[in-house]
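Quick one, what's the 3D model for this:
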Amino acid sequence: MKPETEPRAHHTRRASYDFIIVGGGSAGCALANRLSADPANRVLVLEAGRRDYAWDAFIHMPAALTFPIGSRFYDWQYESEPEPCLNGRRIYHARGKVLGGSSSINGMIFQRGNPLDYARWAADPGMQDWDYSHCLPYFKRMETCLAGADDFRGGDGPLVLERGPATNPLFTAFFQAVQQAGYQLTNDVNGYRQEGFAPFDRNLHRGRRLSAARAYLHPVLSRPNLTVRTSALVTQITLDGARATGVRYRWAGRLHTASAGEIILSGGAINSPQLLQLAGIGSPAVLRAAGVQVTHELPGVGENLQDHLEVYVQYACRQPVSVAPALKWRNRPLVAARWLLLRSGPGATNHFEGGGFARSNDDVAYPNLMFHFLPIAVRYDGSAPAGGHGYQVHVGPMNSDARGSVRISTADPAAKPALRFNYLSTEQDRREWVEAIRVARTILTQPAMTPFNGGELSPGPAVQSDAEILAWVSRDAETALHPSCTCAMGTGPMAVVDPGSLRVHGLTGLRVVDASVLPYVTNGNIYAPTMMVAEKAADLILGNTPLPPSTVPFYTAQPRLPS
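I've put the predicted structure just below:
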């Protein structure tokens, strides 16, 4: 698409708001709810994707998650630049092209991360109020945990969480196998002890996906002070010196202008830095190379990109107990009918019903590996290996020290920025990848799995040495879809937003609230941390008294004694 060239006569009259939220994804939906709760606040939400229609089964049926990913109707279809350590492959990155953002197409796994992730955040200068004690109250405020509210879990928030039943015989065997391999079970990976294996919390309820849009936005759409526009592409942040005054956006075939006291970017780790750079905010070298005039030098914009890479360790299953039959074309009409009529059956679950967290070695302080167990051998795009019944774990290092970037290459707001992740580029990354595969194999070859073990499908028995494992990862690994950290909170020279206000350093009237403000990616799926940041940010933006910090203790592993 070419840059906006419509004549001035096509511009609408400037509309004015208290808050303009750019992005109706996970963070944007939560902010829209909280900021519009005061009827005196006029709030405009601009989402570039389309509506999440109630009739769209591909969004709302949990098991249909493989359909939106890769579809131009639901997915922005990003891909990385060629990754040098992944054989030059471009890694596909799905991002939600619909109200609710990626929460409308993701795997619905709800993981807060480890409390020590937030201790790591708080150790940076100026970040002391982002430790676990300050974040836990906001995690609790946003959720209704159907497994039970307690000191760690909320009971009256908008986001209803159902615990995976994990009753398939393969889950039973898997949980026995992890114990045989020397790992422990835990009652709740989002509670006192994350380390261990357990059924997972999922953002689905009564057989239906509960996206951020469905949890936070749809219940309040009738508020007269809240305006939500979909298919509205923001093309520019308007600046008056060091103050952001509004935005320009394309909607309904015209270029519109809106002003506000506060502009809040919630486009995610790709689009928020892109919009800042298009406004001339960022590294002068990056901006000039793209033909954009520098308005505010801020070198950290688009840098510090972090993500999780993962592989599928897959096994054939000797017994017909996997959920493979539900994927067969002849069975899909029955699966769909059962879901439509009863909200039950194979269509009513994301199938990621359990897994866990483990340390790949005794030198790390807390889990650096996450496992999602799936009672079927299948890829995100729905393709499955030959052989029918199978099972797999998704696994990869959670605390990679690889860093990448998001950089515009043109002033065209419709052009996708260049994404560079630098996967597998560090010594730590490569070492932990080898450890991850060995831990996964150790678990999946325990006696509890023997009745089901029909042989390893991927990577396969020929892959054994460290070099062979790394070569396979280079060929086969995919993103776990957790891009983050490109507008990091902090006070250092590469920080982008102020930890106490989420304002862009050096500017007024402009904030960023989404996964891009994480300083370090957490050791799990990032949906829950992103929503927590939005909840906490809402209080900071409104000037509310912050929720009092928690005083409950959490589990920490005992250090290994010297030999």
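
Any regions of the stretch 251-400 of the chain where pLDDT drops low?
Across the stretch 251-400 of the chain, the ranges flagged by pLDDT under 70 are 379-387.

show me where it has helices.
268-278, 284-289, 332-342 (DSSP state H, counting those that start in this stretch).

what's in contact with the shortest one?
Spelled out, it's helix 284-289. For helix 284-289, contacts defined as Cβ atoms under 8 Å, 6 or more residues apart in numbering pick out 277, 280, 293-294, 297, 301-302, 407-409. Where C-beta positions appear, they are placed from N, C-alpha and C, glycine not excepted.

Can you tell me which of those are buried?
By neighbour count, with 16 or more other Cβ atoms under 10 Å, those hold 277, 280, 301-302, 407-408 as buried.

Among those, which one lies nearest to G246?
Checking those against G246 with Cβ to Cβ, the nearest one is G280 at 15.5 Å.

Let me see the contact set for the closest one.
Contacts for G280 (Cβ under 8 Å, 6+ apart) come out as 239, 287, 292-296.

do the same with N168
Counting by Cβ under 8 Å, 6+ apart, N168 touches 321-323, 353, 375.

gap between V247 and V234?
Distance, V247 to V234, by Cβ to Cβ, to the nearest Å: 5 Å.

Distance from the chain centre to stretch 253-266, please.
The chain centre lies 25 Å from the centre of stretch 253-266; the measure is Cα atoms, centre = their mean, to the nearest Å.

Can you give me the buried ones in that stretch?
Of all the residues in stretch 253-266, those buried under the rule 16+ other Cβ under 10 Å are 255-266.

give me the element the spatially closest residue to T491 that is not a sequence neighbour is part of.
Excluding the flanking residues, the one nearest T491 by Cβ to Cβ, 6 or more residues apart in numbering is G126, at 3.8 Å. Assigned by DSSP states H and E, G126 falls within no helix or strand.

burial count for G126?
15 (other Cβ atoms under 10 Å).

now do A242
13.

so it sits right up against V504, yeah?
No - with contact defined as Cβ atoms under 8 Å, A242 does not reach V504; the gap is 9.9 Å.

Find residues that contact each of the two.
With Cβ under 8 Å, 6+ apart as the test, A242 and V504 reach no residue in common.

Looks like the residue nearest to T491 contacts S501 (just checking).
No - counting by Cβ under 8 Å, G126 stays clear of S501, with 11.1 Å between them.

How many residues are close by S516?
Neighbourhood size, S516 [other Cβ under 10 Å]: 33.

mind listing what L278 touches?
By Cβ under 8 Å, 6+ apart, L278 lies in contact with 235-237, 292, 408, 411, 413.

I'd like the distance between L46 and G100.
Separation of L46 from G100 (Cβ to Cβ): 14 Å.

likewise S222?
Distance of S222 to G100, computed by Cβ to Cβ: 18 Å.

higher neighbour count, these two?
Legend: neighbour count by other Cβ under 10 Å for S222 and G100, higher for G100 (29 against 7).

Spit out the contact partners of the more buried one.
By Cβ under 8 Å, 6+ apart, the contact set of G100 is 24-26, 29, 52, 59, 211-214, 217.

same check, this time on C317
Taking Cβ under 8 Å, 6+ apart, we find C317 in contact with 170, 377, 389-391, 452-454.

Over to H505?
H505 makes contact with 298, 495-498, according to Cβ under 8 Å, 6+ apart.
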